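Q: Following is a predicted model, sequence given first.
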Amino acid sequence: MDRGVDGNRPALSRRGGLLLGAPPLLFLLLFFAYPIASIVGLGLAGGESQGGPGVLETWFAPRTIDVLRFTLWQAALSTVLTVVVALPGAYVFARYRFRGKRLLRAATTIPFVLPTVVVASAFLALLGPRSLIDDLAAALGAPGPVVRLEGSLWAILLAHVFYLYAVVLRLVGGVWSNLDPRTEEAARVLGATRWTAFRQVTLPLLWPAIASAAAIVFLFTFTSFGVILLLGSPGTATLEVEIYRTTALLLDLPVAAALALLQMGSVLLLLLVYGRLQDRLTFEQRLRPAGDASQPVADRRSRLVVGATLGSMGLLLGLPLVVLVERSFAAGEGHGLAAYRALFEASGRAGSFVPPAEAIGNSLLFAAATAVLASLLGLMAAAVIAYRRGWSSRGLDALLMLPLGTSAVTLGFGFIVALDQPPLDLRTSPLLIPIAHTLVAMPFVVRATVPLIRSIQPRQREAAAVLGASPRRTWLAVDGPVIARAALVGGGFAFAVSLGEFGATLFIARPDVPTVPIAIFRLLGQPGALNFAQAMAMSAILMVLTAAAVLLIERWRGDAATAF
Amino acid sequence: MGRRVLTVEGVSLRYGELQVLDAVDLIVAEGELVTVLGPSGSGKSSLLRVISGLAPPDGGTVSWDGRDLRRVPVHERGFGLMFQDFALFPHRDVFDNVAFGLRMQRMDTRRISTRVAEVLELVGLGGMAKRTVTRLSGGEQQRVALARAIAPSPRLLMLDEPLGSLDRALRERLPLQLRDIVRTIGASAIYVTHDQEEALGIADRSIILRDGRVVAEGAPDRLWSQPPSEWVARFLGFRNVTPALVRGGRAATLWGSLPVSAALPEGECRLVLRPTAFVPDPGGAIRGIVSARLFRGDHVRLELSVEGAPPLDVEARWDPLPAPGDMLRLRIETDGIVLLPAAG
């Protein structure tokens, strides 16, 4: 009997599962487990042998407590602000039908997929020292700068709301559109005002969705790095930023390791709390299919609500990106391509002896390598997860998600600690960056491809076999095309992730081989209007590249998989 | 008819291009139970949404005791609405569902407990107060929804397809119970359904909606015995509609020349032949072969195929019950022949 075509058997034998599962597992062991273990070792050993502070000393130092307090404070504020700002949007998307809704919904996810460096640049363009607002004010004769938000908490909060808006919109809006609007109407008829009906009926039903969206936003902002490094001031350091500064500026690896331990512990704690919350908050509710509950924008009140919400949404999510592009053309007097031209010229003055545009080539090369490596390893893992059942599938799935729960800064720091010396000295290897990016991208690749592979109906294989196809032909005809598409999608994801990766790259990029985000970071650190405009130009280019990659992925994915 | 309380005058409602309600009039007297009957999509539920204030009408007025309700928001109307599929609050138990309206009235806690217990007793759910609503059966959920709607003692109770999602046994039993409960609380009531038997069985008065327009209005027995149009007749389940030429006490119809009552005016018209009015008669004018038989307990529903004419619906109670393939000769009692108004 043929094993390959029986729909009731796993489509992959145990031996095949081991064979396919081994490379991704080995990769994780070498480039994730080993560096993390090195951090733990270094952190626990502390700097005591060299006369530095011990791990507990570092944890309870006033500076650490300040940093931890600020990390929690900004994350809490960002979370509350994001939820409050995005809730009306979720309502409008859940309850109303209007022209261009699909397009708009897709557009709202653009900020979420943009690299953090681009997000930070956009808010510098909007609120920073060379912002559009200041230029306009100066033209009108204002004596000094009008907005001074860079380095303030507000810039950080706004940037967080900007790119995490989509999380709340998607999660809460999704549940909201499945709530029966008549439950709220029943409350209205029973004597509840609009507000009371919302508070007593809709809000309790939305609560689980709001809580999980808030938890995700909190996790993202708790581990926020690029935005805070670029928009913050020395007084506004999160744990991530502090790990970077301790490593790069103070060169104190033991203390940085102790901080990284604190960081990993906090994230672990957050994830545990999140898991508990999910169990506690979900209760049975009868959900209705979506689409049914939305109404056209008919009366004056709806027009007002929808108009105001979409307007402010456009302002919040659109304006920063528009201003970013505008600033990239505003080098010196008037507007022009000066900044873009300068990208292609080496200038000793700016501290880099290669034209910044070379970073684009580097980034594309690294991204391509990452795409190949991540889609290869990711597909192997995805095949095991999708084709096998039981512990091997679930275990590998869980293991692969681990790097997702670890911050990029911790990963980058782990590389410095572990891979800089024998037995594994990859410091000068050109593969170091693709390896790091693969680690960050692989969870995404797996998440995106498993549903695709799972969507293959065993019946299709059986049908092909009954029609006379050999097992090999069956696999080629049924699984082959899906896997090819999954590879494309996974590779695309990895490409996009690699293009924008900042936290880990900052630790391991060699000075003479910068990536685009690193080049932007360096340009922003240089004085002068032209450098600023170049940073904006580079950010605009990165934005376009990322958006193109994401659009292509959406295309390849089709409607088969929306589980991500 | 008692004092009129609810007056709906010329109410229109459109969703975009779709005219959902078109100049609908409806009057409900104090303590009266009016049923609104119509096929799905005829605007029945929308009418209730307009009356309750959930959907502001594009035209026309809804008034209570002569007072225009246009400026009275939903929550101040004091009406009860029981939704199709019930729309219970899934996160609250039975007690909290039923108590919701009372809390909105700021009734004190002790009186709320008493009232909820009383209402649950009335709908036959005594002792179920602490149950989770999502775990209840369909029939129990229906009772919770009813209890929730009547607990605040609404002056008008509206029921939107209250039996829609229940199984047949419940559908047969519950309408009468519903009517009794409505009578007990003494409210006026509007009962929406697409089921003719349900609607005509319990109503003081009925209106029939078609494409957002009122096409019939009256006491159930009147509507049944004298449908105002062919569409209404067909909607009420009469399939035996025929063009006829009446002359000299007989009518030439699709199914033969039949003796008719002298009261029928001479000339061309359209007639309905009631399925219950046929009797076996070896000399009858109607001749056909039983092509289908549907067992209905105390009677059988026959489809009689008649040569050169559409099949005829016949309800047979006589002995022995005919079987498919049997050749029947029938006549029809003259009071089973109903004249349809000319335009229709």
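A: All right, it came through fine.
Q: where along the stretch 51-200 of chain B do the strands fall?
A: Ranges of strands within the stretch 51-200 of chain B are B:59-64, B:67-68, B:79-82, B:156-160, B:188-193, based on DSSP state E, counting those that start in this stretch.
Q: who touches the last one?
A: Right, the one you point to is strand B:188-193. The contact list for strand B:188-193, computed with Cβ atoms under 8 Å, 6 or more residues apart in numbering or on different chains, reads B:5-6, B:26, B:28-37, B:44-45, B:47-48, B:51, B:155-164, B:178, B:182, B:199, B:202-203. The way it works is simple: take the backbone N, C-alpha and C, and place the C-beta from them, glycine included.
Q: swap in the fourth one?
A: When contacts are taken as Cβ under 8 Å, 6+ apart, the neighbours of strand B:156-160 outside the stretch itself are B:5-6, B:28, B:44-45, B:48, B:51-52, B:64, B:78-84, B:146, B:149-150, B:178, B:182, B:185, B:187-192.
Q: Please check those residues and keep the buried ones.
A: B:5-6, B:28, B:44-45, B:48, B:51-52, B:64, B:78-84, B:146, B:149-150, B:178, B:182, B:185, B:187-192 (16 or more other Cβ atoms under 10 Å in any protein chain shown).
Q: To which secondary structure element type does B:Ala292 belong?
A: strand (DSSP: H, G, I helix; E, B strand; the rest coil).
Q: For it, give the beta-bridge partners.
A: For B:Ala292, the beta-bridge partners under DSSP bridges are B:Glu303.
Q: ok, it - how many residues close by?
A: 11 (other Cβ atoms under 10 Å in any protein chain shown).
Q: Tell me which residues touch B:Val306, please.
A: Here B:Val306 is in contact with B:Leu254, B:Trp255, B:Gly256, B:Ile286, B:Arg287, B:Gly288, B:Leu312 (Cβ under 8 Å, 6+ apart).
Q: Look up phi and psi at it.
A: phi -110, psi 130 (degrees, to the nearest 10).
Q: Can you give me the distance of the closest residue to it other than its chain neighbours to chain A?
A: Distances taken as Cβ to Cβ, 6 or more residues apart in numbering or on different chains put B:Gly288 closest to B:Val306, at 4.0 Å, once the chain neighbours are dropped. Applying Cβ to the nearest Cβ, to the nearest Å, the value for B:Gly288 to chain A is 46 Å.
Q: Got the domain ranges for chain B?
A: Per automatic domain parsing, the structural domains of chain B span B:4-235, B:242-340.
Q: which one of the ones you listed has the most crowded surroundings?
A: Counting by mean count of other Cβ atoms under 10 Å in any protein chain shown, domain B:4-235 has the highest mean neighbour count of these, with a mean of 19.
Q: Compute the first-to-last residue distance for that domain.
A: One end of domain B:4-235 to the other measures 29 Å (Cα to Cα, to the nearest Å).
Q: now swap in stretch A:504-521 and tell me
A: End-to-end distance (Cα to Cα), stretch A:504-521: 13 Å.
Q: do stretch A:469-483 as well
A: 19 Å.
Q: average pLDDT for it?
A: Averaged across stretch A:469-483, pLDDT comes to 79.
Q: So for that stretch, what gets flagged as buried?
A: A:Ala469, A:Thr474, A:Trp475, A:Val478, A:Asp479, A:Val482, A:Ile483.
Q: Report whether the expected contact of the first one with A:Asp479 is present.
A: No - contact status for A:Ala469 versus A:Asp479: not in contact, 11.7 Å apart, counting by Cβ atoms under 8 Å.
Q: A:Thr109 - how many residues pack around it?
A: 18.
Q: How about it, nearest residue that isn't a chain neighbour?
A: Once flanking residues are discounted, A:Thr109 sits nearest to A:Ala166: 4.6 Å by Cβ to Cβ, 6+ apart.
Q: Please, which helix or strand holds that neighbour?
A: Assigned by DSSP states H and E, A:Ala166 belongs to helix A:153-178.
Q: list the buried ones in that helix?
A: Those buried within helix A:153-178 under the rule 16+ other Cβ under 10 Å are A:153-173, A:175-178.
Q: Using just helix, strand and coil, how would you label B:Pro39?
A: Applying three-state DSSP: B:Pro39 is coil.
Q: OK, contacts around it?
A: B:His194, B:Arg210, B:Phe235.
Q: Just give the nearest non-adjacent residue to the second one, would you?
A: Counting by Cβ to Cβ, 6+ apart, the nearest residue to B:Arg210 once its immediate chain neighbours are dropped is B:Ser42, at 5.5 Å.
Q: That neighbour is in contact with B:Ile207, isn't it?
A: No - between B:Ser42 and B:Ile207 there is no contact under Cβ under 8 Å: 10.7 Å.
Q: What strand or helix carries the spatially closest residue to B:Leu294 that is not a sequence neighbour?
A: The shortest distance from B:Leu294 to any non-neighbouring residue, by Cβ to Cβ, 6+ apart, is to B:Arg301 (4.2 Å). Using DSSP H and E, B:Arg301 maps to strand B:300-305.
Q: ok, now A:Ala94?
A: Using DSSP H and E, A:Ala94 falls in helix A:62-95.
Q: Could you check the pLDDT of A:Arg288?
A: 51.
Q: residue closest to the middle of chain B?
A: In chain B, the centroid-proximal residue (Cα atoms, centre = their mean) is B:Ala199; its distance is 2.4 Å.
Q: Do I have it right that that residue meets B:Val34?
A: No - the criterion here is Cβ under 8 Å, and B:Ala199 misses it with B:Val34 at 9.8 Å.
Q: what sits in contact with each of the two?
A: Listed as contacting both B:Ala199 and B:Val34 by Cβ under 8 Å, 6+ apart are B:Tyr191, B:Ser206.
Q: Can I get the helix or strand of chain B with the lowest mean pLDDT in PDB, CA atoms only?
A: Across the helices and strands of chain B, mean confidence by mean pLDDT, DSSP states H and E is lowest for helix B:168-185: a mean of 77. What follows is helix B:168-185, C-alpha atoms only, in PDB (Å, rounded to 0.1, in the frame of the first residue of the first chain):
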ATOM      1  CA  ARG B 168     -42.000  22.500  15.400                       C
ATOM      2  CA  ALA B 169     -43.400  21.100  18.700                       C
ATOM      3  CA  LEU B 170     -42.600  24.300  20.500                       C
ATOM      4  CA  ARG B 171     -43.900  26.400  17.600                       C
ATOM      5  CA  GLU B 172     -47.300  24.800  17.900                       C
ATOM      6  CA  ARG B 173     -47.500  25.200  21.700                       C
ATOM      7  CA  LEU B 174     -45.900  28.500  22.400                       C
ATOM      8  CA  PRO B 175     -48.100  31.000  20.500                       C
ATOM      9  CA  LEU B 176     -51.000  30.400  22.800                       C
ATOM     10  CA  GLN B 177     -48.800  30.700  25.900                       C
ATOM     11  CA  LEU B 178     -47.300  33.900  24.400                       C
ATOM     12  CA  ARG B 179     -50.800  35.300  23.900                       C
ATOM     13  CA  ASP B 180     -51.800  34.400  27.500                       C
ATOM     14  CA  ILE B 181     -48.700  36.100  28.900                       C
ATOM     15  CA  VAL B 182     -49.300  39.200  26.800                       C
ATOM     16  CA  ARG B 183     -52.800  39.300  28.100                       C
ATOM     17  CA  THR B 184     -51.600  38.800  31.700                       C
ATOM     18  CA  ILE B 185     -49.400  41.800  31.600                       C
END
